[in-house]
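Participant: give me coordinates for this.
(one chain, ligands or ions: 2)
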Amino acid sequence: MRESAGVRVRKTQRPKGLFITFEGIEGSGKTTQLLRAAELLRREGLPVVTTREPGGTSLGLQLRRLLLELPEPMDPAAELLLMFADRRQHLREGILPALEAGRIVLCDRYTDASRAYQGAGRKLGEELVDLLQENFAPLEPDRTYLLDCPVDSALARIAARPGGDRDRIEREGIAFHERVRTAYRKRARKEPKRFVVLDASASPDQVCADLMEDLEPFLEPFRKRAAR
Ligand SMILES: Nc1ncnc2c1ncn2[C@@H]1O[C@H](COP(=O)(O)OP(=O)(O)OP(=O)(O)O)[C@@H](O)[C@H]1O
Ligand SMILES: [Mg+2]
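Facilitator: Ligands and ions are numbered 1, 2, ... in the order given. Sure, this is the predicted structure:
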């Protein structure tokens, strides 16, 4: 059992739920696929909850506003620490209780996003993110879907998205987003057991089919429980 200031995460015996994260650059289709997966699981009567970072709690919503809308420049390390403040609260208040209750948690971005955006995009280095993870958010996802597609097509989707003003991070240049994409892909190669890289250039139906095919074996225990 590992305990960091009140957030207990068992290394050997994990909570009974399932923790799935969705990662990728802006416009890669994370939210689209998370909502589709959630809908399919709900239709089967499985206990699913959807959440996101930043902004999965009441504190997180306020942090999200600062992180995405602050008009002045933000120090990169301050940005990273706010992301972890959000994550810490989210784990304690949202993710861990849901997993302990046996739910399937679908989370839009998690620690891999800090590695990619603040570690690589903002050039703070991944070691710093690893250090914060170990001390404040030691829970690893069971599965991470990396929605991967070229930066130009993802940014074109964002530009075409209805009603979407670009936020502080989306307004960064191409080189920033390329660093983020490269860092995500590198991480996926480093942790092939946890990550599944999905070709996010494909149609939404195809991406969803690829994702659900991979997720299928994880659902069996939940189906059995739901049938009882
Ligand atoms: N596979 C796809 N092919 C074409 N368009 C897509 C695909 N998936 C999503 N889109 C569209 O691209 C836009 C961005 O998708 P979405 O909001 O799901 O991305 P996201 O990764 O959640 O972005 P953000 O990081 O900004 O939240 C939306 O308008 C969505 O309808
Ligand atoms: Mg989204």
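
Participant: residues of this structure that sit close to ligand 2?
Facilitator: 30, 31 (CB under 5 Å from the ion). C-beta: built from backbone N, CA, C; applies to glycine.

Participant: so where do the helices sit in the chain?
Facilitator: With DSSP state H as the criterion, the chain has helices at 30-43, 58-69, 76-90, 96-100, 111-114, 126-136, 151-160, 174-190, 204-227.

Participant: give me whichever of those helices is most buried.
Facilitator: Comparing the helices of the chain by mean neighbour count (mean count of other CB atoms under 10 Å), helix 111-114 ranks first with a mean of 26.

Participant: that helix vs ligand 1: in contact?
Facilitator: No. Against ligand 1, helix 111-114 shows no contacts by CB under 6 Å from any ligand atom, the least distance being 9.2 Å.

Participant: pretty sure residue 57 sits against residue 93.
Facilitator: Yes. Taking contacts as CB atoms under 8 Å, residue 57 lies within contact range of residue 93: 4.9 Å.

Participant: pipe the helices of the chain into CSV and attach mean pLDDT and distance to residue 143 per row.
Facilitator: Output for the helices of the chain, formatted as CSV (pLDDT from 0 to 100; distance: least, CB to CB, whole Å):
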stretch, mean pLDDT, distance to residue 143
helix 30-43, 98, 11
helix 58-69, 97, 22
helix 76-90, 98, 18
helix 96-100, 96, 13
helix 111-114, 98, 12
helix 126-136, 97, 17
helix 151-160, 94, 22
helix 174-190, 98, 12
helix 204-227, 95, 7
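
Participant: neighbour count for residue 57 and residue 93, which is higher?
Facilitator: More crowded of residue 57 and residue 93, by other CB atoms under 10 Å: residue 57, with 22 against 15.

Participant: what's near enough to touch the more buried one?
Facilitator: 86, 89, 90, 93, 94 (CB atoms under 8 Å, 6 or more residues apart in numbering).

Participant: quick one: residue 30 and residue 23 touch, right?
Facilitator: Yes. Using CB under 8 Å, residue 30 is in contact with residue 23, at 6.9 Å.

Participant: anything in contact with each of these two?
Facilitator: Joint contacts of residue 30 and residue 23 (CB under 8 Å, 6+ apart) are 109, 147.

Participant: count the residues that sit near residue 117.
Facilitator: Neighbours of residue 117 (other CB under 10 Å): 27.

Participant: which residue, neighbours along the chain excluded, lies closest to it?
Facilitator: Among residues not flanking residue 117 along the chain, residue 180 sits closest, at 5.7 Å (CB to CB, 6 or more residues apart in numbering).

Participant: with residue 194 instead?
Facilitator: residue 144 (5.4 Å).

Participant: how about residue 46?
Facilitator: residue 222 (5.0 Å).

Participant: so for this protein, the centremost residue is which one?
Facilitator: residue 109 (1.8 Å; CA atoms, centre = their mean).

Participant: residue 56 is in contact with that one, correct?
Facilitator: No. Counting by CB under 8 Å, residue 109 sits too far from residue 56 to count as a contact (9.7 Å).

Participant: mutual contacts of those two, please.
Facilitator: With CB under 8 Å, 6+ apart, residue 109 and residue 56 have no common neighbours.

Participant: for the residue nearest to residue 194, grab the count of nearby residues.
Facilitator: What residue 144 shows, counting by other CB under 10 Å, is a neighbour count of 23.
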